[in-house]
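**Student:** sequence plus the predicted model coming up.
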Amino acid sequence: DAGVIQSPRHEVTEMGQEVTLRCKPISGHDYLFWYRQTMMRGLELLIYFNNNVPIDDSGMPEDRFSAKMPNASFSTLKIQPSEPRDSAVYFCASRQAGGYNEQFFGPGTRLTVL
Amino acid sequence: GEDVEQSLFLSVREGDSSVINCTYTDSSSTYLYWYKQEPGAGLQLLTYIFSNMDMKQDQRLTVLLNKKDKHLSLRIADTQTGDSAIYFCAESIEGSSNTGKLIFGQGTTLQVKP
């Protein structure tokens, strides 16, 4: 398996633009997580899905952020409009139900909003 | 609420042992984890410990768990320059839905000097 795939790896955009980050979880995994990592705030959980259904979005910063999972193999995190304070590394992770709950992380998308 | 605390930085000499410490708050956590993040990459599970264990050893890694004090430590024996990375402590938050949501610490940057 190729692991969790994220695209793009780097994104530079201007304030006010819409940004869409993409994630393909590991096949067969039931849970998908979106995290944001910054120097100031560390690693924050934004939202997670179980069987394509959003379970907890309490970490989503504000209404400018939205996430979807239209099917088991694809999820998007959208920021509209983007702001400089959204600059961060965004990680997607997935895991299977049961076991010891290991989450497998993608390589991340480094977002810079100018 | 749930919280995981770690020291931010540790510097050791190659060949020495490294000990990274962590405190957590949720006494109901079933599993506790150590993740490793190398530069420019996502987090990768290093090891985990079940909450009814006091110690787990895996080659150069030793995990100690003190449930009474809610303290977790990771010892790396014979530390190598390749061990330089950020190490995250995490606890699983078990709810009625057994989501396996993880709460991560801020990460400890381990610097290994030759």
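**Tutor:** That came in fine, so what should we check first? This one's a predicted model, so the numbers in the text were calculated from it and none came from an experiment.

**Student:** so residue A:85 sits in a strand?
**Tutor:** No: if the criterion is DSSP: H, G, I helix; E, B strand; the rest coil, then residue A:85 is helix and not within a strand.

**Student:** against chain B, how distant is it?
**Tutor:** Distance, residue A:85 to chain B, by C-beta to the nearest C-beta, to the nearest Å: 19 Å. (C-beta placed from N, C-alpha, C; glycine too.)

**Student:** ok, the closest residue to that residue other than its chain neighbours - how many residues close by?
**Tutor:** Distances taken as C-beta to C-beta, 6 or more residues apart in numbering or on different chains place residue A:113 nearest to residue A:85, at 7.8 Å, with adjacent residues excluded. Neighbour count for residue A:113, taken as other C-beta atoms under 10 Å in any protein chain shown: 20.

**Student:** again, but for residue A:24
**Tutor:** Residue A:24: 19 neighbours (other C-beta under 10 Å).

**Student:** which residues touch it?
**Tutor:** A:4, A:5, A:6, A:73, A:74 (C-beta atoms under 8 Å, 6 or more residues apart in numbering or on different chains).

**Student:** what does residue A:16 give?
**Tutor:** Residue A:16 touches A:81, A:82, counting by C-beta under 8 Å, 6+ apart.

**Student:** which residues in the chain form strands?
**Tutor:** This is for chain A. Secondary structure of chain A (DSSP state E): strands at A:5-7, A:10-13, A:19-24, A:31-38, A:42-50, A:53-56, A:65-71, A:74-79, A:88-95, A:104-105, A:109-113.

**Student:** switch to chain B, please.
**Tutor:** Using DSSP E, the strands of chain B run over residues B:4-6, B:9-13, B:18-24, B:31-37, B:43-50, B:55-58, B:61-66, B:71-76, B:85-93, B:101-104, B:108-113.

**Student:** can you read off the pLDDT for the closest residue to residue B:19 other than its chain neighbours?
**Tutor:** Nearest residue to residue B:19, sequence neighbours excluded (C-beta to C-beta, 6+ apart): residue B:75, at 5.0 Å. On the pLDDT scale, residue B:75 is placed at 98.
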